[in-house]
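Colleague: Pasting the sequence and the predicted model now:
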Amino acid sequence: MEVISFVALAAGLMIGLGAVGACIGIGIMGGKYLESAGRQPELMGELQTKMFLLAGLIDAAFIIGTGIALWFATANPFLGQIANLPK
Amino acid sequence: MAAQEGQGQTAGEYIVHHLHHLQTGTQKAVVDFSVVNMDSVFYSIALGALGCWILWLAARKATSGVPGRFQAAVEFLIEMVDSQAKGIVHNAHSRKMVAPLALTVFVWIFLMNAMDLLPVDLLPVVWHSTSPAFGVPNYMRVVPTADLSITMGLSLGVLLVCLYYNVKIKGLGGWIHELFTAPFGDKWFLYPVNFLMQMVEFIAKTVSHGMRLFGNMYAGELIFMLIAMMGGAWALSGTGILLAIGHVVAGTVWAIFHILIITLQAFIFMMLALIYVGQAHDAH
């Protein structure tokens, strides 16, 4: 029972903290992009490619964390370990 | 759409069943080279052939006159990859080989990622009904890039190309010289530190390159399965019409968002491959 509740909490933290970091990162980068596009509109196309590249890089860690958290939440691997423990 | 085999099956069992590869044996360790994931191999080769065929079709029918829609789309794609390659790899001779490589990688990974947009149970259900005829286990995963073996294989391929260009551009001696002197400088007491840093760089590049693509596709696939289970829960119990509505709404939203993700991840993989090859051309 303890394991289930701890894993549920852990999954929530994994998604939540990952989302906090990724959103702050995307927000700062998007803001800087708009700023620089406002200053030099002729660079917009070039910067947009780089912004999307970085958005994917920032997003990746968060999405990987979400995937692992959802895996823990739906098919909990720790329950199997507990079942194999010597009593 | 979901859980056709679902009678008496829990959500966890459904997910575990769907995350099992059609393997030639049983995997005993985390890294086990004696096991082949047949489904990933089949789909990746089939989609690679499809991508090459589409590009070949465009090249064969190409005219210098007014291009049709199909030719214009392929030309747009090739121009996009070509301009990215020009900006990153500053060597016209190696670009002849690297730019088509980047284009192929982009198209191939995009097609493999796009398998995620098929209904999660469509091909597995077909396999469920046909696999007993062949006498093989009825496991099936349709997204090759959600298999770590495939993505790490791709990133290892990029690593090999990088090593090839390192040796080709700098010469074997020059490259070995760079391995021992690169980040910090040409002093005999810095050789071990420099070499260690270079090895860490190569390993980190390759592992993160493959893991990024795998993680995104794996998470996306898992979320599609969870959405499918909402519909499955409604179909099995017959209660809770909200589940059915949620299934349709969540599925639509996630699929639309996923179109962005699969394109972005294919693009990022291509860009990073170009950047790594470009780094191999820089002499320190």
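Modeller: Good, I have the coordinates. Numbers count the residues shown, from 1 in each chain, chains lettered A, B, ... in the order given.
Colleague: Only C-alpha atoms from now on, for both contacts and neighbour counts.
Modeller: OK.
Colleague: who in the stretch 101-250 of chain B is up against chain A?
Modeller: Contact residues (Cα under 8 Å from any Cα of the partner chain) of the stretch 101-250 of chain B with chain A: B:212, B:215-216, B:218-220, B:222-223.
Colleague: cutoff 10 Å now
Modeller: Residues of the stretch 101-250 of chain B lying close to chain A by Cα under 10 Å from any Cα of the partner chain are B:211-223, B:226.
Colleague: among those, who's most crowded?
Modeller: Neighbour counts for those peak at B:Met217, which has 29 neighbours (criterion: other Cα atoms under 10 Å in any protein chain shown).
Colleague: what about that one, which SS state?
Modeller: helix (DSSP: H, G, I helix; E, B strand; the rest coil).
Colleague: Give me the local confidence score for it.
Modeller: Looking at B:Met217, its pLDDT reads 90.
Colleague: Quick check: it vs B:Phe76, distance?
Modeller: Separation of B:Met217 from B:Phe76 (Cα to Cα, to the nearest Å) stands at 26 Å.
Colleague: Could you export the residues of the stretch 101-250 of chain B next to chain A as TSV, including distance to B:Met97?
Modeller: Below are those laid out as TSV (distance: Cα to Cα, whole Å):
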residue	distance to B:Met97
B:Met211	25
B:Arg212	25
B:Leu213	23
B:Phe214	26
B:Gly215	29
B:Asn216	28
B:Met217	28
B:Tyr218	31
B:Ala219	33
B:Gly220	33
B:Glu221	33
B:Leu222	36
B:Ile223	38
B:Leu226	42
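Colleague: Leaving out sequence neighbours, find the closest residue to B:Tyr218.
Modeller: Leaving aside its sequence neighbours, B:Tyr218 sits nearest to B:Ala146 (Cα to Cα, 6 or more residues apart in numbering or on different chains; 4.7 Å).
Colleague: is it true that the one you found touches B:Ala114?
Modeller: No: look at B:Ala146 against B:Ala114 with Cα atoms under 10 Å: they stay out of range, at 11.3 Å.
Colleague: Tell me which residue of chain B lies closest to chain A.
Modeller: B:Ala219 (3.9 Å; Cα to the nearest Cα).
Colleague: what sits against A:Phe6?
Modeller: A:Gly12 (Cα atoms under 10 Å, 6 or more residues apart in numbering or on different chains).
Colleague: Give me the phi and psi for it.
Modeller: Note on A:Phe6: its backbone torsions stand at phi -60, psi -40 [degrees, to the nearest 10].
Colleague: how much space between it and chain B?
Modeller: 17 Å (Cα to the nearest Cα, to the nearest Å).
Colleague: got any ranges where chain A has weak pLDDT?
Modeller: Scanning chain A with the threshold set as pLDDT under 70 gives A:87.
Colleague: what are the ranges of the helices in chain B?
Modeller: Here chain B has its helices, by DSSP state H, at B:11-18, B:38-60, B:69-88, B:92-114, B:122-134, B:148-181, B:191-237, B:241-281.
Colleague: name the helices or strands packed onto the second one?
Modeller: In terms of contact count using 3 or more Cα pairs under 10 Å, 6 or more residues apart in numbering or on different chains; DSSP states H and E, helix B:38-60 is assigned the packing partners helix B:69-88, helix B:92-114, helix B:148-181.
Colleague: mean confidence for the shortest one?
Modeller: What that stands for is helix B:69-88. 88.
Colleague: count of residues packed around B:Gly210?
Modeller: Close neighbours of B:Gly210, defined as other Cα under 10 Å, add up to 22.
Colleague: That one contacts B:Thr145, correct?
Modeller: Yes: B:Gly210 is in contact with B:Thr145 according to Cα under 10 Å; the separation is 9.4 Å.
Colleague: what is in contact with these two at once?
Modeller: In terms of Cα under 10 Å, 6+ apart, B:Gly210 and B:Thr145 are both contacted by the residues B:151-152, B:154.
Colleague: Spell out the residue ranges of the helices in chain A.
Modeller: A:2-39, A:44-74, A:77-84.
Colleague: so who does the closest residue to chain B within chain A touch?
Modeller: Per Cα to the nearest Cα, A:Gly67 is where chain A lies closest to chain B, at 3.9 Å. Shown in contact with A:Gly67 (Cα under 10 Å, 6+ apart): A:11, A:14-15, A:61, A:73, B:215-223.
Colleague: Using a markdown table, lay out those together with distance to A:Ile26.
Modeller: What follows is these, written out as a markdown table (distance: Cα to Cα, whole Å):
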| residue | distance to A:Ile26 |
| --- | --- |
| A:Ala11 | 22 |
| A:Met14 | 18 |
| A:Ile15 | 16 |
| A:Ala61 | 12 |
| A:Ala73 | 26 |
| B:Gly215 | 19 |
| B:Asn216 | 17 |
| B:Met217 | 20 |
| B:Tyr218 | 22 |
| B:Ala219 | 19 |
| B:Gly220 | 20 |
| B:Glu221 | 23 |
| B:Leu222 | 24 |
| B:Ile223 | 22 |
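Colleague: so how far is B:Tyr14 from A:Ile26?
Modeller: Relative to B:Tyr14, and taking Cα to Cα, A:Ile26 is found at 34 Å.
Colleague: where does B:Tyr139 fall, phi/psi-wise?
Modeller: The phi and psi values for B:Tyr139, taken as degrees, to the nearest 10, are phi -90, psi 150.
Colleague: Am I right that it is in contact with B:Thr130?
Modeller: No: counting by Cα under 10 Å, B:Tyr139 does not reach B:Thr130; the two are 11.4 Å apart.
Colleague: With neighbour numbers in mind, choose between these two.
Modeller: Higher neighbour count among B:Tyr139 and B:Thr130: B:Tyr139, with 18 against 13, using other Cα under 10 Å.
Colleague: Chain B contacts on chain A?
Modeller: Within reach of chain B by Cα under 10 Å from any Cα, chain A has these residues: A:46, A:49-50, A:52-57, A:59-76.
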